[in-house]
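K.L.:
quick one, fold the following:
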Amino acid sequence: MSSAVAPLPLPPPVISGPVYSIITPKPKWMAQIKKSIYLAISAVGVFLVAYDVFANNWALNDYIGNAMHCRTPVMDMASFSDIHDHYVFSTRDNWGTISPIPRQLLATHIDQLIIADETVYFLAAGMHEVGPATPDLCRDLERSYPITFPTNSTETVVRLAVAMDFVTYIRGDALSHVFGSTATDPVPGPDALREELLEMGYEAGVFTADLRMTLEVPVSSLNPGTTMQHNTLVYRIFAKTFNTGGTPMAELGVDNCNMTYVWNATTNMVDVVSSRVM
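P.N.:
Residues are numbered from 1 along each chain as shown. The predicted structure is shown next:
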C-alpha cells in the first residue's frame, strides 16, 4: 500500500523596504474655477432667498401701501349701505340685479376697504399694458344712468357704477374624468339655462361679483343730445368665492377711461355711448 503527499504551496514573497507614490498636483486654474462655481451657486441662493423675503413679503407689501390707492372710490362712505348715496347705477346692471351671494361679497369687500381692515392684506400686484384687444374696465360702462339734477340747476356732477355677477358651473372632477365619462359627456350650448346645466350634471362652483365705479363725471342738461366727453378713473372690485360660506377674495383694479355720453331729456338719463381705455 502506497501513499502520496501533496507538497504545500510556497508562501508569497515578502517585500520589505520603502513604498513610493507619485502625486501630481492639479493645475491652479482648475481649483479657481471650482471655487468660483461654488461661490456663484451660493450667491444665487442668497439672492433668491433675499428676493423672496422682500418681493413676496405680504406684510411688507401691505405696509408700503401701494394698493391703498384702490380705496379711493369708497373713502367718503361709512359703510357699503351708503353706496346709493354716492353712486348712480345703470338701469341694466345694478345693485338690485345681482344675486344675494355676489351682493354680500361686494358688501364685505367694500367695508374692508372703508375701514382699511387690518385682518386682511392689501397687496399691490403690479401693472400691465392695456391695448385695443385687451379686456379693460371701461367698455362695460356703456349703459344708461338715471340722473336727477339739483333744484333750479342745469348742471351736476355724478359718479357712475355698474354691478354684475356670474356663476361658473363645474361638472365632475379629476377621478370622474379619468375613470368616468364626465370628460366626454355632451356639453351645453352657450345659451343654456341653469336648469339645463343641473340636468346635465353641472354644479355651481364659483360665485363672482364685478363692481365698476367712476370718479366724478360732469353732466349738463342745457343741450340735450349733445355729445359730452370726460376722462375719469374707473375702479374695480372683482370678488369671488368657491362656496356660499367660504372666505371671499377680491382683485382690485383701476383704469383711465375716456367716456363719451349724452343727456337724454326724454328719459332723464345719461347715455354713455362710448367708453374706452386711454
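
K.L.:
low-confidence ranges, the protein, go.
P.N.:
Along the chain, the parts satisfying pLDDT under 70 run over 1-27, 130-135.

K.L.:
how many neighbours does Leu137 have?
P.N.:
Residues lying near Leu137 (other CB atoms under 10 Å) number 24. For glycine as for every other residue, the C-beta is placed from the backbone atoms N, C-alpha and C.

K.L.:
can you confirm it is in a helix?
P.N.:
No - per DSSP: H, G, I helix; E, B strand; the rest coil, Leu137 lies outside any helix segment and is coil.

K.L.:
what about Ala40, how many residues close to it?
P.N.:
When neighbours are defined as other CB under 10 Å, Ala40 has 10 of them.

K.L.:
that one in helix, strand or coil?
P.N.:
At Ala40 the chain is in helix, as set by three-state DSSP.

K.L.:
and Thr267, that's in a helix?
P.N.:
No - using three-state DSSP, the assignment for Thr267 is coil, not a helix.

K.L.:
who's the closest residue to it other than its chain neighbours bridged to?
P.N.:
Distance criterion CB to CB, 6 or more residues apart in numbering; nearest residue to Thr267, sequence neighbours excluded, is Ser144 at 7.2 Å. Ser144 has these beta-bridge partners by DSSP bridges: Asp271.

K.L.:
ok, now which ones touch Ser144?
P.N.:
Neighbouring residues of Ser144 by CB atoms under 8 Å, 6 or more residues apart in numbering: Ser90, Thr91, Arg92, Asn264, Thr267, Met269, Val270, Asp271, Val272.

K.L.:
rerun at 7 Å
P.N.:
Ser90, Thr91, Met269, Asp271 (CB atoms under 7 Å, 6 or more residues apart in numbering).

K.L.:
among the residues you listed, name the buried ones.
P.N.:
Ser90, Met269 (16 or more other CB atoms under 10 Å).

K.L.:
still on that earlier bit, distance check, the residue nearest to Thr267 against Arg159.
P.N.:
Distance of Ser144 to Arg159, given as CB to CB, to the nearest Å: 16 Å.

K.L.:
who is the residue most central in space within the chain paired with across the strands?
P.N.:
With distances taken as CA atoms, centre = their mean, the residue of the chain nearest its centroid is Glu251 (4.7 Å). For Glu251, the beta-bridge partners under DSSP bridges are Phe238.

K.L.:
tell me if I'm right that it and Ile237 touch.
P.N.:
No - using CB atoms under 7 Å, Glu251 is not in contact with Ile237; the gap is 8.1 Å.

K.L.:
which residues in this protein form helices?
P.N.:
28-55, 58-64, 83-86, 100-115, 174-179, 194-199 (DSSP state H).

K.L.:
who touches the shortest one?
P.N.:
What that stands for is helix 83-86. Helix 83-86 has contacts (CB under 7 Å, 6+ apart) with Asp76, Met77, Trp95, Ile110, Arg159.

K.L.:
how many neighbouring residues does the fourth one have?
P.N.:
The number of residues packed around Ile110, counting by other CB under 10 Å, is 24.
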